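Q: no FASTA, just this:
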Ligand SMILES: Nc1ncnc2c1ncn2[C@@H]1O[C@H](COP(=O)(O)OP(=O)(O)O)[C@@H](O)[C@H]1O
Ligand SMILES: [Mg+2]
């Protein structure tokens, strides 16, 4: 039997979906978890990144930006320890398929009021969109500035509104773009650096959530 499926989704472009998807997949590869990264975005951001020198550390990739995503994912996930799906955003049939098949949905959200409002729309659509289905999801704050008032404020606002949030952020760091130049992520190019630590911490939280979930459904 295959491992869990983690879908990265949000209504907003530029919220960090592709970056988070690639970073988590590479992290899990380095940990020996045999991940599969599926690019379900017609813009092919993951695939294009993987065409560069370091090919995302040689992770297994699949390009599937059409309605057959659901079936293809189920088949391919069977041979992998964990499957991550990068989506085009929310308003598409492809994303709805990717949500429907997910064990856990991660919603990256930039720490700014406009982005938070949009994120709340995402989650409402998520809850209403797929009938009779209540996904496990977590928001992840991205591009935060350490110690800034806005990050703290947004975190509090989300918590008070009852939106579940990972404890680890993905702070704003140049290491992501720098690694991207080589088709890599910070876990490959600077494994002892701050960005690699941030990603390891997010991956750890996700693993704990998935482990709890599988115990509950066992
Ligand atoms: N934590 C971060 N720190 C700095 N830059 C980031 C971070 N996360 C994403 N970015 C940058 O923001 C831009 C958009 O990110 P991307 O992952 O492509 O978003 P999406 O897939 O949601 O459209 C990219 O240029 C990426 O390098
Ligand atoms: Mg993207």
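A: Yes, it's here. All figures in this text were calculated on a predicted structure; none of them were measured in a lab. Ligands and ions are numbered 1, 2, ... in the order given.
Q: which is the next helix or strand following the lowest-mean-pLDDT helix or strand in the chain?
A: None of the helices or strands of the chain scores lower by mean pLDDT, DSSP states H and E than helix 113-129, at a mean of 73. Going down the chain from helix 113-129, the next helix or strand is strand 137-144, by DSSP states H and E.
Q: State the separation between the very next helix or strand once past that next one and the centre of the chain it belongs to.
A: Going down the chain from strand 137-144, the next helix or strand is helix 149-160, by DSSP H and E. Relative to its parent chain, helix 149-160 has a centroid offset of 20 Å by Cα atoms, centre = their mean, to the nearest Å.
Q: Next to ligand 2, which bits of this protein? Give me the list.
A: Proximity of the chain to ligand 2, by Cβ under 5 Å from the ion, involves residues 17, 18, 45. C-beta here means a position set from N, CA and C on the backbone, and glycine is covered the same way.
Q: Torsion angles phi and psi at the closest residue to the first one other than its chain neighbours?
A: The spatially closest residue to residue 17, leaving aside those adjacent along the chain, is residue 8, at 4.7 Å (Cβ to Cβ, 6 or more residues apart in numbering). According to degrees, to the nearest 10, the main-chain angles of residue 8 amount to phi -100, psi 120.
Q: neighbours of residue 8, just the number please.
A: For residue 8, the count of nearby residues is 26 (other Cβ atoms under 10 Å).
Q: can you give me the helices in this structure?
A: Assigned by DSSP state H, the chain shows helices spanning 17-30, 45-50, 69-77, 93-100, 113-129, 149-160, 175-180, 186-189, 194-217.
Q: what does the last one contact?
A: The contact list for helix 194-217, computed with Cβ atoms under 8 Å, 6 or more residues apart in numbering, reads 4, 6, 20, 23-24, 27-28, 31, 82, 103-104, 106, 136, 138, 140, 166-171, 173, 175-176, 179, 185-187, 190.
Q: Could you list the contact residues of the chain toward ligand 1?
A: Within the chain, the positions near ligand 1 by Cβ under 6 Å from any ligand atom are 13-19, 45, 142-143, 170-173, 176-177, 180.
Q: what about 8 Å?
A: 8, 10, 12-22, 41, 45, 86, 89, 108, 142-144, 170-177, 180, 195, 198 (Cβ under 8 Å from any ligand atom).
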